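Chemist: Fold the following.
(4 chains)
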Amino acid sequence: MLQEFIDSLIADGLFGGLPRDVAYLIGMLAAGALVVFGFVLNVAGITTFVERRVWARIQSRVGPNRVGPQGVLQWLADGLKLLMKEEAIPFAADARLFKLAPFIVTIGFITAFVAMPFSSALIVADLNLGILYITSMTSLVVVGIMVAGWASNNKWSLIGGIRAAAQIVSYEIPAALSIFTVILITGTLSMQSIIQQQSWLPWDWFIFHNPFTFIGFFVTFVALLAEGNRTPFDLPEAESELVAGFVTEYSGARYLFFFLVEWGNLYVISAILVTLFLGGWQVPMIPVITDSAFGLNLLQALTFVGKSYFGVILIMWIRATLPRIRVDQLMTTCWKYLLPISFANFMGTALWVLIWPDGFLPAELLMTALGFGLVGYFFYRVAYHLRRSGAQITLSPLS
Amino acid sequence: MDAASIHSRLREKFGDKILSAEASVKDPFLVVDAAAIRDICAYLRDAEGLQFDVLTNQSGVDYREQGYIEVVYHLYSYAHRHYAVLKARVPRDAPVLPSVVTVWKAANWLEREIYDLLGVDFTGHPDLRRLLMPEDWVGYPLRKDFVEPEEYHGISTSRESLLR
Amino acid sequence: MTEISLFPIVFYALAAVTVVSALGVAFSNNIFYSAIALMGTLLGAAGLYVMLAADFVAVVQIFVYVGGILVLTLFAINLTSRIGDVSISNRSLGRFPAFVALALSGGVMVRAIREASWNMVEVREAVPTINGIGNAFLTEYILPFELASLVLLAALVGAVVLSRKELRD
Amino acid sequence: MSIAGFEVEVDRGGGLETEEMTLNMGPQHPSTHGVLRFVVKADGEVMRRAIPDVGYLHRSIEKISEKVGWHGFMPYTDRVDYVAAMFCNQGWGMVTEKLADIEVPKRGEYCRVIAAELNRISSHLLSIGTMILDIGAITPFFHAFREREKINDLLEELCGARLTYNYMRIGGVAWDLPPGYEESVLAFLSQLEPMLDEFNTLVSDNTLFRGRCAKVATISAEQAISYNLVGPNLRASGVRYDVRRDEPYSVYPELEFDVPIGLGMAGEVGDSFDRYWVRFVEIKESMKILRQCFRQIPAGPVVAKVPRKLKPQEGDAQIRIESARGDMSWYAVSDGSEFPYRCKVRTGSFAAMSIIEELSPGLMLADLVTVIASLDIVAPEVDR
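Modeler: Residues are numbered from 1 along each chain as shown, chains lettered A, B, ... in the order given. Next comes the predicted model:
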């Protein structure tokens, strides 16, 4: 995409007589800067604001509502405050690595957005290896966390770093296996091709493709939660046990970077799930809107971001509700339950694809019905508890 | 079992180790020989019909004029729902007393506290360290003749004006 | 106007990153620094793979070596004793044998470089390599592939045996 | 240990050889409930020993009592346990009344019980809320504190303060109930009921919460009695003992209530979940007591005539009351003067704190937090 765009710009003579490679370089840097400053940072920032408001609603509070209308600029204010704060580097810390760690973490996070599709055209680079690239790049984050934990020269940080490493390395296996389950169906690693093989109809989504992918979706969700250090797997920074885990000694801008990554990763997790299982940016062809390329892409991008934010809010909901599990429970969950389940999923899907290479519509419809039934039952239970407790519900997100 | 019968049973068992008994006060108490306190407590805990399984409170009181420190044991029995109060008196200048940690584990910290604040030395205590005050504190604050030091590690303990 | 290409510049930059980091691994006194320098080496090598149009190998290099092996290395370092000390070091041992080994292997390498016939290959369009790799692994090279996993298993068992307390006593 | 209902064998320590790590937890640490310090000897995540170091909140309240007089000490007792200050008020009042032979009027006793039981609810709400916060869930904490805030409002209406009440006096209470108090308390109780149900479904039935608490730091009945654990901690170990019921004081003989004990619902009797559960059920019992109090409260004076310069006769006395953290034992010595000769209070947290060192070996680092929270330790109560 980007290459064609730059080619057209060169043809228009925008780069004058510059050599082709230099033009590409400039184009790439510009695109990267645009993505980082125009999207990634804002996504992370806005997610913190959304999280605080969602939490506030769940916890019967108001939440930030002073900076800007309904407090939407709170994240900017917080970010600026952190940037202007004095940064304290502990005297006994290893200053060089201490400073390096946030950068490693941020690189691991931002580079993942290169292969992140937002619409059929809106993607920095539709890498042939898209999903593998994203998972391998996000594994850089754990290196940064470990460096942060060690360089802080603080035992709480060290334990946090070790916990993070043990957790992420363990959960990478079920996550990867579950992701590969989808790859078995698609036969490609490219994010765009994966999405193109689904459609906007729910039973064409890979979550409802067969029973194994249905379970695989939940396995992936749990494993990615653990990789993103989110509750109930937020052991690396468990504030009641480890003070703040690997970020204990960080302050100011470096602290900001860690939290940027933490909240940005929420979006990455959801986007991976949406791409693999929930139909990505696929939209119905509504004649008036999708006639123009702009309208089509806008609708697709809105769909994708909307679905992703649904996942983000789900993760926030989980974080607001569940307690944290213990280290031994964490390892048991991974090695004794998730890993065998994901192996079974992998084999099951392989067989399924062998038998029905083009999918089996009755099973897809059945799985869809089951999925929607589960969601419906969930809301029925929620309504039951709300009635029983006589809670007062305010549906308006604003107040 | 009321205070009088507990007294008579103890008198039967320990004889003159029971120094005196006071029955006509709010909480009837026995004054016992300090050296025998552990045996008496062990007996009180285990004997049939007594079974004082809890040490609800153990306090030290400094009687400066009388010249002794009194360690008061408040016992209670969940099985029989009765109380007993034992008092052991040790001289102020050499307050030494057998520890009852082996009888009730609750005595561990209670005795450490008394050691910390009144300076009573409990022999046989497994871990007799200061509990509330800093390890390097000099003096026993709950003694009546304790005078607060002017400063602690260069930090003044007094202020010129309370409103500053 | 000559068409200057960024290709060699990028190549030499990546090569420099790789070599400098590798030197850092070897010469750093701090074992943790060595491990971090290793990350630079691995990432540089991944970059070189990309330049060779071996995209799959590059990504797997990061996925396995950085995401897996390096993390485990750091993990192991963090769990070693006296990790709190600032002066944990990997002192150089046995300089003379090392020199001999260096001389021998260096000689072999120089000879290999001089005697190799360096053919220039036409620059091709980068094509996806996954299919080829997959087919090769599961048909022609299936025996070495499976043997490699056996070796890894043996190494794993060996590591556990070495670190068991009761067996060492 | 059990995760999601499955029994799981976990090898806690042993096997691989590792080096012991000394961790200094506190005095500033998010979950030490005040200012506590633990020196933790850990083998990785598993603790070999956690040695408590208390005294960071020592304000020498017992020494102060010797300088301020019988009446004047009452506000200081608030600071013994600032989470449940009414009980300290009541304890000091009762021990002085016992020494000076003062009879509290019936209405005064009822006012005391109403205030104390409200305070017990608020203290238990704080306890279970922070326990869940320490285990990692955030929302239940806010739900508990929302209700606690309403109790604070009610107590503020009663005595003008939200934390350190100084409501009771020697011989009764400072003021009668404000007009309309019964209605506001009963309205509060009726909306607390559904909130507790909601809390129950959100927390008590939560698999992860149960997994974190089940079979963690189990205290047997013998251990609990030997360490003189009191109140909810004792009852969680299966000992059905409540000072209010078994050594009645005040007007508790006239009130009907149950004494809950630990049932081993999540794992075994006396584990962390039972300690949580006993507190949870006790909130409901306190609500029952409050409703009865308002039905039975007689008219009359609320405070007895007590001389301004109180000089109890020489002697000593001990009383025990059931505070929110269990049996609180007050011992006071009078030398016949205006000032207490010695005052000693043995609190629930003091006993609970001393057992942690014995419980700690083999627990995980995360469990230490659970244990501190489930024993409901309030640091100022330990140090006084």
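Chemist: C-alpha from now on. contacts and neighbour counts both.
Modeler: OK.
Chemist: nearest spatial neighbour of residue D:349, skipping sequence neighbours?
Modeler: residue D:377 (5.0 Å; Cα to Cα, 6 or more residues apart in numbering or on different chains).
Chemist: So that neighbour versus residue D:60, what's the distance?
Modeler: 19 Å (Cα to Cα, to the nearest Å).
Chemist: tell me the contacts of the closest residue to residue C:62 other than its chain neighbours?
Modeler: Among residues not flanking residue C:62 along the chain, residue A:136 sits closest, at 5.9 Å (Cα to Cα, 6+ apart). Contacts for residue A:136 (Cα atoms under 8 Å, 6 or more residues apart in numbering or on different chains) come out as C:59, C:60, C:62, C:63, C:64, C:67.
Chemist: Check which helix or strand the second one maps to.
Modeler: Taking DSSP states H and E as the criterion, residue C:60 maps to helix C:55-60.
Chemist: Tell me the helix or strand right after that helix.
Modeler: Next in sequence after helix C:55-60, counting helices and strands by DSSP H and E, comes helix C:71-79.
Chemist: Mind listing what's buried along that following helix?
Modeler: Buried positions in helix C:71-79, judged by neighbour count with 16 or more other Cα atoms under 10 Å in any protein chain shown: C:71, C:72, C:74, C:75, C:78, C:79.
Chemist: and what of stretch D:324-344?
Modeler: Within stretch D:324-344, the residues that qualify as buried are D:324-334, D:336, D:338-344, counting by 16+ other Cα under 10 Å.
Chemist: Out of the residues you listed, which sit inside strands?
Modeler: Those of these mapping onto strands are D:326-334, D:340-344, per DSSP state E.
Chemist: Redo the residues you listed as CSV? Include distance to residue A:175.
Modeler: Shown next, in CSV, are those (distance: Cα to Cα, whole Å):
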residue, distance to residue A:175
D:326, 48
D:327, 52
D:328, 53
D:329, 56
D:330, 59
D:331, 62
D:332, 65
D:333, 68
D:334, 71
D:340, 68
D:341, 69
D:342, 66
D:343, 62
D:344, 59
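Chemist: from the residues you listed, which is closest to chain A?
Modeler: When these are compared for distance to chain A (Cα to the nearest Cα), residue D:326 wins out at 25.5 Å.
Chemist: what does the model give the residue found closest to that closest one once you drop the neighbours it is linked to in the chain for pLDDT?
Modeler: Leaving aside its sequence neighbours, residue D:326 sits nearest to residue D:231 (Cα to Cα, 6+ apart; 3.3 Å). Per-residue pLDDT puts residue D:231 at 85.
Chemist: now swap in residue B:43 and tell me
Modeler: In this model, residue B:43 is scored at 85, pLDDT.
Chemist: again, but for the one 5 residues further on
Modeler: Residue B:48 carries a pLDDT value of 78.
Chemist: how close does it get to residue B:9?
Modeler: 11 Å.
Chemist: Who has more neighbours out of the two?
Modeler: Using other Cα atoms under 10 Å in any protein chain shown, the more surrounded residue of residue B:48 and residue B:9 is residue B:9, with 13 against 9.
Chemist: How about the secondary structure of that one?
Modeler: Secondary structure, DSSP: H, G, I helix; E, B strand; the rest coil: residue B:9 is helix.
Chemist: hmm, back to that, is the residue nearest to residue D:326 in contact with residue D:244, as I believe?
Modeler: No - taking Cα atoms under 8 Å as the definition, residue D:231 is not a contact partner of residue D:244, at 10.3 Å.
Chemist: Just want to know which of those two has more residues nearby.
Modeler: Comparing residue D:231 with residue D:244 by other Cα under 10 Å, the one with more neighbours is residue D:231, at 24 against 20.
Chemist: if I pick that one, what's in contact with it?
Modeler: So residue D:231 contacts D:241, D:242, D:322, D:323, D:324, D:325, D:326, D:327, D:348 (Cα under 8 Å, 6+ apart).
Chemist: let's see it at 6 Å
Modeler: Neighbour list for residue D:231: D:325, D:326, D:327 [criterion: Cα atoms under 6 Å, 6 or more residues apart in numbering or on different chains].
Chemist: got the phi/psi numbers for it?
Modeler: phi 60, psi -140 (degrees, to the nearest 10).
Chemist: and if you look at residue B:85?
Modeler: With angles defined as degrees, to the nearest 10, residue B:85 sits at phi -120, psi 120.
Chemist: Kindly state the beta-bridge partners for it.
Modeler: When bridges are taken as DSSP bridges, the partners of residue B:85 come out as residue B:29, residue B:74.
Chemist: for the residue nearest to residue D:349, helix, strand, or coil?
Modeler: With three-state DSSP as the basis, the three-state label of residue D:377 is coil.
Chemist: Just give me the neighbour total for whichever residue of the stretch 251-384 of chain D sits closest to chain C.
Modeler: In the stretch 251-384 of chain D, the residue that lies nearest chain C is residue D:365 (16.4 Å; Cα to the nearest Cα). Using other Cα under 10 Å, residue D:365 has 23 other residues around it.
Chemist: Can you report phi and psi for the residue lying closest to it once chain neighbours are set aside?
Modeler: If the residues on either side of it in the chain are set aside, residue D:365 comes closest to residue D:45, at 5.5 Å by Cα to Cα, 6+ apart. When read as degrees, to the nearest 10, the backbone of residue D:45 gives phi -90, psi -10.
Chemist: tally of neighbours for residue D:45?
Modeler: 20.
Chemist: for the one 4 residues further on, same thing?
Modeler: The local packing count at residue D:49 equals 21, with neighbours defined by other Cα under 10 Å.
Chemist: Check which helix or strand the most centrally placed residue in chain C maps to.
Modeler: By Cα atoms, centre = their mean, the mean C-alpha position of chain C lies nearest to residue C:42, the distance being 5.6 Å. Residue C:42 belongs to helix C:31-51 when assigned by DSSP H and E.
Chemist: for chain C, what spans make up the strands?
Modeler: Shown for chain C, no strands are assigned by DSSP E.
Chemist: about what we covered before: which of residue D:377 and residue D:60 has more neighbours?
Modeler: Neighbour count, other Cα under 10 Å: between residue D:377 and residue D:60, residue D:377 has more, with 23 against 17.
Chemist: Counting neighbours, what do you get for residue 121?
Modeler: Unless you meant another one, I'm taking chain A. Neighbour count of residue A:121, defined by other Cα under 10 Å: 18.
Chemist: think we crossed wires, I meant chain D
Modeler: 24.
Chemist: and residue C:156, how far is that from residue C:149?
Modeler: From residue C:156 to residue C:149 the distance is 10 Å (Cα to Cα).
Chemist: Kindly report the same for residue C:142.
Modeler: Counting by Cα to Cα, the gap from residue C:142 to residue C:149 is 11 Å.
Chemist: what does residue A:248 give?
Modeler: Using Cα to Cα, we find residue A:248 at a distance of 40 Å from residue C:149.
Chemist: who has more neighbours, the two?
Modeler: In this view residue A:248 and residue C:149 are compared by other Cα under 10 Å, and residue A:248 has more residues nearby, 21 against 11.
Chemist: tell me the SS of the residue nearest to residue B:139 when sequence neighbours are not counted?
Modeler: Among residues not flanking residue B:139 along the chain, residue B:146 sits closest, at 6.9 Å (Cα to Cα, 6+ apart). Per three-state DSSP, the secondary structure class of residue B:146 is coil.
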